[in-house]
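K.L.:
Any chance you can model this:
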Amino acid sequence: MNDSPAERRTGTGAAATPRPQHDPATLPTPEEVAEDAERGCIIARLAELQRSMGRFFARDRSMPLLASTLTMQQLKVVMFLSFAGSTSGQELARHLGVGLATVTGIVDRVVAQGLASRHEDPHDRRVRRVELTEAGRRLTSEIIEAGTGGYIRLLRRLDTETLRTMETVMRKIEDAMRDMHADDAGTA
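P.N.:
Now for the predicted structure:
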């Protein structure tokens, strides 16, 4: 069995069988209990630090959004198009969880603002595709990149060894995100 002690205790590992309460051999050791408690405290502190950083950078990040006159649904369309590229109205409707008629109205308003355009699908003339214009790409870039300047200024205040450590930790976090994404995709 390759499960960690925590997985064996919580039943989240490969064997995931409930342990009998009366068997002292399966009870966590005091060291394991202490480690779990410490991990919980560290995670709580890291979450608070993340919230604090979020508040620190919120002003820079929100500026392009506050300057925009887009509604939330219009913003969702613009941001989806920035990641998906050219897409059909049906794909947009499915992504937003609304009907095609609703998406048509939202896209009409985004097109009227000069942020997107419609064109015929080259493979199926019955399908109209929507994509961002240069102005739409510029807006989404501003939204996505907002706050990066402040983050870089903050990082420049750190010494090289701290930056190396941070890079190592961030790569581990990135790996964990990939694993989570693969797990989520496997359950979908």
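
K.L.:
Quick one: distance of stretch 136-146 to the chain centre.
P.N.:
Taking C-alpha atoms, centre = their mean, to the nearest Å, one finds stretch 136-146 lying 16 Å from the centre of the chain it belongs to.

K.L.:
quick one: buried residues of that stretch?
P.N.:
Neighbour-count burial for stretch 136-146 flags 136, 137, 139, 140, 143, 146 (criterion: 16 or more other C-beta atoms under 10 Å). The C-beta positions use only the backbone N, C-alpha and C, and glycine is treated the same way.

K.L.:
My guess is the third one contacts residue 79. True?
P.N.:
No: contact status for residue 139 versus residue 79: not in contact, 9.5 Å apart, counting by C-beta atoms under 8 Å.

K.L.:
As a markdown table, the buried residues of stretch 136-146 with secondary structure, pLDDT and distance to residue 181 would be great.
P.N.:
Shown next, in a markdown table, are the buried residues of stretch 136-146 (DSSP: H, G, I helix; E, B strand; the rest coil; pLDDT from 0 to 100; distance: C-beta to C-beta, whole Å):
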| residue | secondary structure | pLDDT | distance to residue 181 |
| --- | --- | --- | --- |
| 136 | helix | 95 | 27 |
| 137 | helix | 95 | 25 |
| 139 | helix | 91 | 27 |
| 140 | helix | 91 | 22 |
| 143 | helix | 85 | 22 |
| 146 | coil | 81 | 24 |
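
K.L.:
Residue 95: what's its closest spatial neighbour, skipping adjacent residues?
P.N.:
residue 80 (5.5 Å; C-beta to C-beta, 6 or more residues apart in numbering).

K.L.:
Let me see the ranges of the helices in the chain.
P.N.:
Under the criterion DSSP state H, helices of the chain are mapped to 5-10, 30-67, 72-84, 89-96, 100-112, 134-145, 148-155, 160-187.

K.L.:
out of the buried residues of stretch 136-146, who's nearest residue 110?
P.N.:
Looking at the buried residues of stretch 136-146 and their distance to residue 110, the nearest is residue 136, at 7.6 Å (C-beta to C-beta).

K.L.:
Quick one: residues contacting the closest one.
P.N.:
Neighbour list for residue 136: 78, 81, 82, 110, 114, 115, 116 [criterion: C-beta atoms under 8 Å, 6 or more residues apart in numbering].

K.L.:
again, only using 10 Å
P.N.:
By C-beta atoms under 10 Å, 6 or more residues apart in numbering, residue 136 lies in contact with 77-79, 81-82, 110-111, 113-117, 130.

K.L.:
How about residue 118?
P.N.:
Shown in contact with residue 118 (C-beta under 10 Å, 6+ apart): 86, 89, 104, 107, 108, 110, 111, 128, 129, 130, 131.

K.L.:
The fourth one: neighbour count?
P.N.:
It refers to residue 107. 23 (other C-beta atoms under 10 Å).
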